[in-house]
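# The following block contains a protein sequence and its predicted model.
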Protein chains: 2
Amino acid sequence: MCELLGMSANVPTDICFSFTGLVQRGGKTGPHKDGWGIAFYEGKGCRVFQDPQASVDSQLAELVRTFPIKSNLVISHIRKANRGKVDLKNTHPFVRELWGFYWTFAHNGQLKGVKKEPLKDFAPVGTTDSEYAFCWVLSELKKKFKTRPKNEIQLSQEIRKLLSKLGKKGVSNILISDSKYLYAYCSTKLVYITRHAPFGEAKLIDADLSIDFSKHTNPKDVVTVLATSPLTQNEIWTQFLPGEFQVWKEGKQWQRFSP
Amino acid sequence: MCELLGMSANVPTDICFSFTGLVQRGGKTGPHKDGWGIAFYEGKGCRVFQDPQASVDSQLAELVRTFPIKSNLVISHIRKANRGKVDLKNTHPFVRELWGFYWTFAHNGQLKGVKKEPLKDFAPVGTTDSEYAFCWVLSELKKKFKTRPKNEIQLSQEIRKLLSKLGKKGVSNILISDSKYLYAYCSTKLVYITRHAPFGEAKLIDADLSIDFSKHTNPKDVVTVLATSPLTQNEIWTQFLPGEFQVWKEGKQWQRFSP
């Protein structure tokens, strides 16, 4: 299995604090030592760092942890290989372009039989179930909508339908984004926390590190962090229900679809 | 205009020395201060670093310059914006997946009227002529071949035809790769050097830095570096002819098509 981390914010925000917690699980406080990756959106642009090494030992992860890249939307993943060997090409998040947007995808779980689903216009480069599933989701979206639908709720509903279908094939917690929205599907475990004024202090579970967010924020900032399990020990994280699908925009819950 | 850098090698090789020369042209010895990017292939996997900042001031470029990422195939670019504003989404190299391979593309020049060419299945995310041209090349390749042709010469010939067509629209020096081959098209300026045993010393033009390759190589290593203009002052670089197309594999010239 793997661990996921996502962020949606209404101002460009760095994810150094949460990422520091996550990377510990990549070989130190957790067994997810088969690579890691992180995608930062800047407008429609997207920057991805990936490494097939354990995140806790990775020089590149050290850079990402200490270099405050500011973004409104982030998707990150640390990997414990099940299907597909340890290899750069099998490292999440995966990226594809659809309708002139960069889509990114990170997945926690295993999907039985997903490779029997037909693909069109998107093909996996690596050998994981996850990348195949991503290609299938995009294939289906492109089949359904020739261009990006103007009705964003209709698009969300379609994504939900596809991710729910994946959810029936096994464990499948998913973060997916098109630069505008962060779509999150929970099959077994996904939690979130929304931080806004008045900001307080937070303390990591996986490392001896605290941060006083009031010193790093403005009163209008809204920042939501999603993860497969809570990253801080002194805050209350909200659990997704199994089968729940949520859409986040600029730090706020934009849509919530019950299971 | 911009500057290009490419590498093809028969063993995983770092590009720290050449990249150090290139980044000086991003704001110090050259005016190409509107961003930079570099793609490293590792097998079929691909790692891309991009920054819309001047390479000479970029903390990320500093990491790439000093962190010896080893690869058999590299494409890099530093940008002087002509069309399309300074923005991450307009930063080369661009990446798309076709036939289960990651294709990367970097371009030097300006292409008049390229945006009138029809696209299918690939769309630009940013606003540059270059990304549009890349999407057009992939659209045409996909139209012609449903899957990757087994005959690699046929594929090379098709790529050459498409790049030559672009070459008629203005200045267009191009590096493009599918992880297996490095394809290079020269419209006005492109040079290369192949280094093999006995290895000697090289001295950069743009920085006070020398390297003795004999201390960093094995006798069987073959490494070719391509660039828009020579990076070293004491070696002989070979110029492409205008309209020439070359294909490189594992450090060696695999195909050469005269203008």
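Looks like it came in fine. Numbering: from 1, shown residues only, chains lettered A, B, ... in the order given.
# which stretches of the stretch 1-150 of chain A have low pLDDT?
For the stretch 1-150 of chain A, the stretches with pLDDT under 70 are A:1, A:83-84.
# the strands in it, which residues?
Counting by DSSP state E, counting those that start in this stretch, one finds strands in the stretch 1-150 of chain A at the ranges A:3-13, A:36-42, A:45-51, A:71-78, A:94-98, A:101-111.
# mind checking which of those strands is nearest chain B?
With Cβ to the nearest Cβ as the criterion, chain B lies closest to strand A:45-51 of those, at 3.0 Å. All C-beta atoms are positioned from the backbone trio N, CA, C, and that covers glycine.
# what does the closest one contact?
A:35-41, A:58, A:60-61, A:63-64, A:69, A:88, A:91-93, A:95, A:102, A:104, A:179, B:45, B:47-50, B:52, B:87-91, B:125-126 (Cβ atoms under 8 Å, 6 or more residues apart in numbering or on different chains).
# go again using 6 Å as the cut-off
A:36-40, A:58, A:60, A:64, A:91, A:95, A:102, B:47, B:50, B:88-89 (Cβ atoms under 6 Å, 6 or more residues apart in numbering or on different chains).
# swap in stretch A:77-91?
A:1-4, A:25-26, A:31-32, A:34-37, A:50, A:52, A:55, A:92-93, A:106, A:110, A:125-129, B:42, B:44-45.
# Out of these, which end up buried?
Those of the contacts of stretch A:77-91 that meet the buried threshold are A:1-4, A:25-26, A:32, A:34-37, A:50, A:52, A:55, A:92-93, A:106, A:110, A:125-126, A:128-129, B:42, B:44-45, by 16 or more other Cβ atoms under 10 Å in any protein chain shown.
# Spell out which parts of chain A neighbour chain B.
Within chain A, the positions near chain B by Cβ under 6 Å from any Cβ of the partner chain are A:42, A:44-45, A:47, A:50, A:63, A:88-89, A:96-97, A:100, A:102, A:121, A:123, A:125.
# quick one on the thing from earlier: Throw the strands of the stretch 1-150 of chain A into CSV and include distance to A:N218, thanks.
CSV is the format used below for the strands of the stretch 1-150 of chain A (distance: least, Cβ to Cβ, whole Å):
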stretch, distance to A:N218
strand A:3-13, 7
strand A:36-42, 19
strand A:45-51, 24
strand A:71-78, 14
strand A:94-98, 31
strand A:101-111, 27
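# Select, out of those strands, the one closest to B:K168.
strand A:94-98 (26.4 Å; Cβ to Cβ).
# Next, the buried residues of that closest one.
Quick answer for strand A:94-98 (16+ other Cβ under 10 Å): A:F94, A:V95, A:R96, A:E97, A:L98.
# A:P118: how many residues sit nearby?
8 (other Cβ atoms under 10 Å in any protein chain shown).
# let me redo that: A:N234
Using other Cβ under 10 Å, A:N234 has 11 neighbouring residues.
# Nearest to B:S8 among the contacts of strand A:45-51?
The shortest approach to B:S8 among the contacts of strand A:45-51 belongs to B:R47, at 16.6 Å (Cβ to Cβ).
# beta partners for the closest one?
B:F40 (DSSP bridges).
# that older thread, can you name the two of the residues of chain A next to chain B that sit furthest apart?
Maximum pairwise distance among the residues of chain A next to chain B (Cβ to Cβ): 34.5 Å, between A:L63 and A:D121.
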